[in-house]
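Colleague: Fold the following, please.
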Amino acid sequence: MSVLEEKVVLVTGGAGGLGAAVCRTLSREGAIPVVADLRIEQTQALAGELGCAFGVALDVTDETSVARVVDSTLQRYGRIDALVNSAGVDVTLPIEKLSIADFDRVAGVNLRGPFLMSKAVFEPMKARGEGAIVNIVSTAAKRAWAEASAYHASKWGLLGLSHALHVEGRQQGIKVTAVITGGMRTPFLFDRFPDIDACTLQPPENVAETVRFVLCQPVDTVVPEITVIPMKETSWP
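Modeller: Numbers count the residues shown, from 1 in each chain. Predicted coordinates for the structure are as follows:
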C-alpha cells in the first residue's frame, strides 16, 4: 500500500499544467486530490476524471476564498494531509512596460497566494502534529533573465518563505519543501513563447513525480529543497 493512500492533498492551480499532473500522479497513488483552481469548469472536469477527487473554485489571492476552500476541505475530510502550492502566473515585459497592476497580480498569485494558503493550513496541521507543504518554485529563484522582474521577485520571495516555514514547521511535525523546477511542457510557457524548443523542456509529469517523492519520505525525514530540471535546460548551468 502506498504511503499516500487516502491522504488528502490540496493542490492549487490544480486544473491544468503541473497542478493537473500532480493531481493525476497522486491519485494513482491512492491519494485524494482536492483540485483547487479559478477555472471551475476544468476543475470539475478533472475531479470527475479522477473520480475520488474534490473540485473547488479558488482564488489564491483572496483571503475569503482561501478560508472557504480550506474550511470546506476540513469539513468534508476532517484533515488536510498536504498542500501543494502550484498556482502561478507571469507577465513577460521589460520593467518600463510592466504596470503596477501586472506586478501586483504576479506577486499576488506567486507569493501572497502560497502565504495565505500555508497560513490557513498551518494551524490544523499543527493541531494534528503532522502535515506537508510543497511550494512549486522555479529556477527563476536562483538565476535572473530579462523581462521577468515580477516573476523573479515573486519566486525568490517564495523560496525564502518556503525555507522560513520549513524552520517553523519542523518543530510542529510539518514538512515544508521548495521544489525548484526547470522549464516544463505546459501552457505556462507555450502560451507566452510559442517558438520555444520543446526538446529543452521536461514533461510536467516528471516534476509531479518529484512532488510524489517528496511526500513519500519517511516520517522522520524532510527535504527542504530539491531541484528538478530538464536534461537540456537552457536557463541553468
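Colleague: how far away is Val3 from Gly88?
Modeller: With distances taken as CB to CB, to the nearest Å, Val3 is found 27 Å from Gly88. Every C-beta, even on glycine, is put in place using the N, C-alpha and C of the backbone.
Colleague: just Lys142 next, same as before
Modeller: Lys142 is 16 Å from Gly88, by CB to CB.
Colleague: Which one's more surrounded, the two?
Modeller: Gly88 (26 against 16; other CB atoms under 10 Å).
Colleague: In contact with the more buried one, which residues?
Modeller: Gly13, Val109, Asn110, Ile136, Ser138, Phe188 (CB atoms under 8 Å, 6 or more residues apart in numbering).
Colleague: For the top strand by length along the chain, list the C-alpha coordinates in PDB.
Modeller: When the chain is parsed with DSSP state E, its longest strand is strand 174-181. Presented in PDB, the C-alpha positions along strand 174-181 are these (Å, rounded to 0.1, in the frame of the first residue of the first chain):
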ATOM      1  CA  ILE A 174       5.000  19.900   9.400                       C
ATOM      2  CA  LYS A 175       7.300  19.300   6.500                       C
ATOM      3  CA  VAL A 176       7.900  22.200   4.100                       C
ATOM      4  CA  THR A 177       9.600  21.700   0.800                       C
ATOM      5  CA  ALA A 178      10.600  24.000  -2.100                       C
ATOM      6  CA  VAL A 179      10.600  22.200  -5.400                       C
ATOM      7  CA  ILE A 180      12.800  24.200  -7.800                       C
ATOM      8  CA  THR A 181      11.500  23.400 -11.300                       C
END
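Colleague: same for that strand, what does it pack against?
Modeller: Counting contacts by 3 or more CB pairs under 8 Å, 6 or more residues apart in numbering; DSSP states H and E, strand 174-181 is packed against helix 113-128, strand 131-136, helix 149-169, helix 204-215, strand 225-228.
Colleague: Partner strands of it, with direction?
Modeller: Applying DSSP bridges to the sheet, strand 174-181 is found paired with strand 131-136 (parallel), strand 225-228 (parallel).
Colleague: for this protein, which spans come out with low pLDDT?
Modeller: Along the chain, segments meeting pLDDT under 70 span 184, 189-190, 193, 235-237.
Colleague: Next, the buried residues of the helix or strand containing Thr43.
Modeller: Here Thr43, judged by DSSP states H and E, is contained in helix 40-50. Buried positions in helix 40-50, judged by neighbour count with 16 or more other CB atoms under 10 Å: Gln42, Thr43, Gln44, Leu46, Ala47, Leu50.
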